[in-house]
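**Q** Got a sequence here, can you model it:
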Amino acid sequence: MKGEVELKLKDFIPRYVVNHFKLIRLKYKNSESIINTYNISNSCQIGRECIIDFETSLSLGTVVGDYSYINSNCNITNTQIGTFTSISSNCVIGASQHPINYMSTSPRIYSENNILGVPAFFESKPKKTIIGDDCWIGANVVIMDGVKVGNGSIIGAGAVVTKDIEEYSIAVGTPAKVIKKRFDEKSVEYLRKINWTQLPLKDIRKMKGIFIKKDFWNEPDL
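**A** Numbers count the residues shown, from 1 in each chain. This is a model prediction of the structure:
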């Protein structure tokens, strides 16, 4: 009857049951990884031997590279995450922005189905955010959409990243600023040359003598 709400079978299934089956499907689809959250949209891709922990949400085509992990209660949108990258808890990465030059910042005004009854007039979909290989993102970090964090970088806990971070940098603060480089240029050149994060696992294991060195690892024994 006109005006009545159309009810479907799924409307009568408790939400926790639906979420349980979502989680089962995700675990089956990503059987080489540990998946502890159902908040992963169908457009996302997860690599081999990843860990995605409780209450974390991945959306809008987010891609997680092999051997990376994302701790609990993160919200990650439209983001490319490299291999061997570590993301701590309570991070927000790639969140959409609101307009600042229009009269209102509210999505109820500018987005689709707005209360004005006009077509959406501000693009709220976040730009692609890129987190490189072997990065370490500390707890409670916010990384704005469209930002690129270079390979091997460290973002200190609580930082707000609004601009690109060069590879092998350590950045802290609000807004985040680079306080030092992790390695000298010789070491960085060596890392670029071997590009170990893209090697097959069997080749990475052959390099164990380098990985376990605390100092002078860029001068492997011949």
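
**Q** Skipping adjacent residues, who's closest to residue 86 in space?
**A** When the adjacent residues along the chain are set aside, residue 86 lies closest to residue 136, with 4.9 Å between them (C-beta to C-beta, 6 or more residues apart in numbering). Yep, even glycine has a C-beta here, placed from its N, CA and C like the rest.

**Q** Between the two ends of stretch 211-219, what distance do you get?
**A** One end of stretch 211-219 to the other measures 12 Å (C-alpha to C-alpha, to the nearest Å).

**Q** So which bits of that stretch are buried?
**A** Within stretch 211-219, the residues that count as buried by 16 or more other C-beta atoms under 10 Å are 217, 218.

**Q** Restrict the helix ranked longest in the chain to CA atoms and write it as PDB.
**A** Once the chain is assigned using DSSP state H, the helix that runs over the most residues is helix 15-29. Once side chains and other backbone atoms are set aside, the C-alpha atoms of helix 15-29 remain, and they are given as PDB (Å, rounded to 0.1, in the frame of the first residue of the first chain):
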ATOM      1  CA  ARG A  15      21.800  -7.000  13.800                       C
ATOM      2  CA  TYR A  16      24.200  -9.100  15.800                       C
ATOM      3  CA  VAL A  17      23.300 -12.100  13.700                       C
ATOM      4  CA  VAL A  18      23.800 -10.300  10.500                       C
ATOM      5  CA  ASN A  19      27.200  -9.000  11.700                       C
ATOM      6  CA  HIS A  20      28.200 -12.500  12.800                       C
ATOM      7  CA  PHE A  21      27.600 -13.900   9.400                       C
ATOM      8  CA  LYS A  22      29.500 -10.900   7.800                       C
ATOM      9  CA  LEU A  23      32.500 -11.800  10.000                       C
ATOM     10  CA  ILE A  24      32.300 -15.500   9.000                       C
ATOM     11  CA  ARG A  25      32.300 -14.400   5.300                       C
ATOM     12  CA  LEU A  26      35.200 -12.100   5.800                       C
ATOM     13  CA  LYS A  27      37.200 -14.700   7.600                       C
ATOM     14  CA  TYR A  28      36.500 -17.200   4.800                       C
ATOM     15  CA  LYS A  29      37.300 -14.700   2.000                       C
END
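
**Q** Any buried residues in it, and which?
**A** For helix 15-29, the neighbour count (16+ other C-beta under 10 Å) marks 23, 26 as buried.

**Q** immediately after that helix, which helix or strand?
**A** Read in the C-terminal direction, the helix or strand following helix 15-29 is strand 34-35, with elements assigned using DSSP states H and E.

**Q** Which strands or helices does that following strand pack on?
**A** Taking 3 or more C-beta pairs under 8 Å, 6 or more residues apart in numbering; DSSP states H and E as contact, the helices and strands that strand 34-35 lies on are helix 15-29, strand 51-52.

**Q** ok, the helix or strand that it is followed by: who's next to it in the sheet?
**A** Following the chain from strand 34-35 toward its C-terminal end, the next helix or strand by DSSP H and E is strand 45-46. The sheet places strand 45-46 alongside strand 63-64 (parallel), with pairing taken from DSSP bridges.

**Q** Could you give the separation of the partner strand from the chain centroid?
**A** Centroid displacement of strand 63-64 relative to its chain, using C-alpha atoms, centre = their mean, to the nearest Å, is 7 Å.

**Q** how many other residues sit next to residue 11?
**A** The tally of other residues near residue 11 (other C-beta atoms under 10 Å) stands at 8.

**Q** how much space between the residue nearest to residue 211 when sequence neighbours are not counted and residue 198?
**A** Here the nearest residue to residue 211 in space, its sequence neighbours aside, is residue 217; by C-beta to C-beta, 6+ apart that works out to 7.4 Å. When C-beta to C-beta, to the nearest Å is applied, the distance between residue 217 and residue 198 equals 18 Å.
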